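**Q** what would the 3D arrangement of this be:
(one chain, ligands or ions: 1)
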Amino acid sequence: MEPSELDNINDTNYSSPQREKWCGHIILYKFQGFWFTETYLETTKKVLETFKPLPGDVILASFPKTGTTWLKAILHSIIHHSRQHENHPLTLNHPQDLVPSLETNLYVENGPELDGGNENPEFLAVEDLQEARILATHIPYQILGDILNSTDCKVVYVTRNPKDTVVSLWHFLQKSSDVEKDQWAVEAAVDQFCRGVVPFGPYYDHVLAYRQESLNRPEKVYFLTYEELKQKSKDHVRKLGEFLGFPFDESEKGEEKIDEIVKMCSFESLSSQQVNKSDDNPSVFPLPYSSFFRKGEVGDYKNYLEDEMIAKIDAVTEEKFHACGFMY
Ligand code: A3P
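**A** Have a look, this model is predicted:
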C-alpha cells in the first residue's frame, strides 16, 4: 500500500493492523510484516526499486541501536587501512557520514550536500561513493534479501541484547526534536517492542533472519553481537578483516594495526571527538550527531527497567530466540 493511501485511513483507526502510534504521536505503517515510519517506508521502497549492490560492496545491516555506529567506524578503518594519526578520518567525520545508510542518507529526498552551502546544492547519491563501498541499512533481510543476494556483496550484521536495545532506543528518541519530552514512558516502549511495533521491527524477526542467513552462508554474512564485540574486540576486528578480504599480517605489525583500530573505534575515543559532539543532524531523522553516543555499556537496562518489564522481554526472548537456539 502507498503511504498516501495509508494517509486516507482515518486517524482514529491507528490501532488497526496496518498502522499504530508509536513514541507518542509518530505513526508506524506495516509493510511486508515490518513497521516503518512514513519517511522510512518511502525511502525503503526507493531502495527496493533502485538499489543494486556491486560485487565488492560491504553492507552493514542492523536493527537500530544495536551498535551500528561502532561497526561503521570499525569497518571503515579496516577497509581504508586507517591508522591512528592526526588526520584520521574518524577525527574529522562522524561515522554516520563515513558510512551512509541506504534508507536514511542515500535514498532520501535531499541527502547530504556534496558542495556544502551552494544555492543549488547537489546531494550525495549512492553512485558518488568510491569503491570499496560500505553502506548501512536497517531494512530487514525478509525485505532486502533478494537484493543482497543479487551480487557477491558481503553483509556484516550486528545485534545486541533486546533489553539494552530498547533502553538505548528509548533514550535516543528522547533526544529527537520530533518527540515531546515525557510523552513516551519506558513501559510503553517495552510493550511495543515486545509486540514488534517499532521501526524496522519486529526486532526478533529482524535478528533471526540475518542470523539464519549467516548460518546458511557464513562466507556471505558475518553475524556478531555487541556484547561479543565488547569482550573480544581484537578477535572480531581480525576476523572481519579476513571476512572482508582485507586480512591483517600475522606479524607484530598486524597486531599493532588491530590494536589501533580497536582503540580508535572505542566508545571513549569516538565519543570524545569534537565532530561526534556536534548538535548538527546527519539524517532525515531529527536527531543530532551527539545522540549516537550515550553510554556504550552492556547491561545498562538494569538502571531503567522494572522487574516486570525485564520479565516481559525475557519471555519473548525465550519464545523467539531460545526456541531457535540463539541464547541471549
Ligand atoms: P547506548 O544508548 O546503550 O549507550 P547505533 O549505533 O546502532 O545507533 O547504537 C547506538 C548505541 O551504541 C548506543 O548505546 C551508543 O552509545 C553505543 N555506541 C556508539 N558508539 C559506540 C562504540 N564505539 N562502542 C560501544 N558502544 C557504542
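**Q** OK, contacts around Y301?
**A** With contact set as Cβ atoms under 8 Å, 6 or more residues apart in numbering, Y301 has these partners: 161, 163-164, 166-167, 310. Where you see a C-beta, it was placed from the backbone N, CA and C, and this is true even at glycine.
**Q** who in the stretch 51-200 of the chain is up against the ligand?
**A** Within the stretch 51-200 of the chain, the positions adjacent to the ligand are 62, 64-70, 164, 168, 171 by Cβ under 6 Å from any ligand atom.
**Q** top of the residues you listed by neighbour count?
**A** Each of those was scored by neighbours using other Cβ atoms under 10 Å; the highest score is S62's, at 27 neighbours.
**Q** pLDDT score assigned to that residue?
**A** The model reports S62 with a pLDDT of 98.
**Q** test my guess that it contacts W70.
**A** No: with contacts defined as Cβ atoms under 8 Å, S62 does not count as touching W70, sitting 9.9 Å away.
**Q** identify the contacts common to these two.
**A** In the contact map built from Cβ under 8 Å, 6+ apart, the residues linked to both S62 and W70 are V158.
**Q** that older thread, any idea which of the contacts of Y301 is closest to the ligand?
**A** Distance from the ligand was checked for each of the contacts of Y301 by Cβ to the nearest ligand atom. The minimum falls on D164, at 5.6 Å.
**Q** with secondary structure added, can I get the residues of the stretch 51-200 of the chain next to the ligand in CSV?
**A** Written out in CSV, the entries for those read as follows (DSSP: H, G, I helix; E, B strand; the rest coil):
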residue, secondary structure
S62, strand
P64, coil
K65, coil
T66, coil
G67, coil
T68, helix
T69, helix
W70, helix
D164, helix
S168, helix
H171, helix
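**Q** flag the least confident of these.
**A** Summarising pLDDT for these: the lowest-scoring member is H171, with 93.
**Q** how many residues are close by E306?
**A** The local packing count at E306 equals 11, with neighbours defined by other Cβ under 10 Å.
**Q** just G296 next, same as before
**A** 17.
**Q** wait, what's in contact with it?
**A** When contacts are taken as Cβ under 8 Å, 6+ apart, G296 is in contact with 70, 267, 271.
**Q** before we move on, the earlier item: please produce CSV containing the contacts of Y301, extended by secondary structure.
**A** Converted to CSV, these look like this (three-state DSSP):
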residue, secondary structure
N161, coil
K163, helix
D164, helix
V166, helix
V167, helix
I310, helix
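**Q** closest to L224 out of those residues?
**A** Distance to L224, by Cβ to Cβ, is smallest for N161 among the contacts of Y301, at 13.0 Å.
**Q** for the ligand, what is the nearest residue in the stretch 101-250 of the chain?
**A** Proximity to the ligand, evaluated over the stretch 101-250 of the chain using Cβ to the nearest ligand atom, is greatest for S168 at 3.3 Å.
**Q** contacts only, for that residue.
**A** 65, 160, 294, 300.
**Q** which pair in these spans the largest distance?
**A** Longest distance between any two of those is 12.9 Å, between R160 and R294; criterion Cβ to Cβ.
**Q** so these two - more neighbours on which side?
**A** More neighbours surround R160 than the other of R160 and R294, with 24 against 16 (other Cβ under 10 Å).
**Q** mind listing the strands for the protein?
**A** Assigned by DSSP state E, the chain shows strands spanning 19-22, 26-31, 34-37, 58-62, 134-137, 154-159, 221-225.
**Q** among these, which comes closest to S77?
**A** Between S77 and the strands of the chain, the tightest spacing by Cβ to Cβ is seen for strand 134-137, at 10.5 Å.
**Q** picking up where we left off before, quick one: closest of the strands of the chain to A323.
**A** Checking these against A323 by Cβ to Cβ gives strand 154-159 as the closest, at 16.6 Å.
**Q** now that closest one: average pLDDT?
**A** The average pLDDT for strand 154-159 rounds to 98.
**Q** who's in contact with it?
**A** 57-63, 66-68, 70-71, 75, 148, 207, 210-211, 213-214, 220-226, 229, 240, 243-244.
**Q** partners of it, with directions?
**A** For strand 154-159, the paired strands and their directions (DSSP bridges) read strand 58-62 (parallel), strand 221-225 (parallel).
**Q** mind putting the ones you listed in a markdown table, distance to E255 included?
**A** Listed next are the strands paired with strand 154-159 as a markdown table, based on distance: least, Cβ to Cβ, whole Å:
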| stretch | distance to E255 |
| --- | --- |
| strand 58-62 | 23 |
| strand 221-225 | 20 |
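**Q** of these, which stretch is the most buried?
**A** The densest packing among the strands paired with strand 154-159, expressed as mean neighbour count by mean count of other Cβ atoms under 10 Å, is seen in strand 58-62 with a mean of 25.
**Q** starting at the chain centroid, how far to that strand?
**A** Using Cα atoms, centre = their mean, to the nearest Å, the distance from the centre of strand 58-62 to the centre of the chain it belongs to is 8 Å.
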